[in-house]
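S.K.: Structure of the sequence below:
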Amino acid sequence: MGLARETGDGAPMVVKKLGNLYSPSLLFGLIHALETTSSGDLISAVSYGSGSSDAILLEMVDEIPEPLKNSSMLTTTLDRQRAITVAQFQELGRA
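M.R.: All right, here's what the predicted structure looks like:
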């Protein structure tokens with residue numbers, strides 16, 4: 001069994017693209033892991049801080065159906081993001 005940092009790592013990819021999401025960061029990392037895992041893989045997700053902790057251990061027993069696996073909604077959405085200027089952001093608030 002390899003560690004995530006040795007095999008692909010979900011959570012740091014999410015942090016690199018979105019920044020620290022704090023409470024929902026565990027769930028975003030878990031979504032990415034579910035989108036990129038295969039049958040028989042183990043997924044471990046652990047979070048702690050601010051008076052709370054979570055630990056989840058999952059084993060993928062079936063492949064994710066192709067329509068879902070191919071969509072990779074989180075990864076696709078993160079790959080489509082683009083940088084905008086402060087002026088562009090302010091304009092979004094006026095729309």
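
S.K.: which helices and strands does the lengthiest helix in the chain pack with?
M.R.: Ranked by residue count and defined by DSSP state H, the top helix of the chain is helix 25-36. For helix 25-36, the packing partners by 3 or more C-beta pairs under 8 Å, 6 or more residues apart in numbering; DSSP states H and E come out as helix 11-18, strand 42-49, strand 52-59, helix 73-80. For the C-beta atoms, the positions are set from N, CA and C on the backbone; glycine is no exception.

S.K.: quick one: buried residues of it?
M.R.: Within helix 25-36, the residues that count as buried by 16 or more other C-beta atoms under 10 Å are 25-26, 28-36.

S.K.: In a markdown table, list those along with pLDDT and distance to E91.
M.R.: Output for the buried residues of helix 25-36, formatted as a markdown table (pLDDT from 0 to 100; distance: C-beta to C-beta, whole Å):
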| residue | pLDDT | distance to E91 |
| --- | --- | --- |
| S25 | 79 | 29 |
| L26 | 79 | 33 |
| F28 | 81 | 27 |
| G29 | 80 | 32 |
| L30 | 82 | 34 |
| I31 | 81 | 30 |
| H32 | 79 | 31 |
| A33 | 80 | 36 |
| L34 | 79 | 35 |
| E35 | 78 | 32 |
| T36 | 77 | 35 |
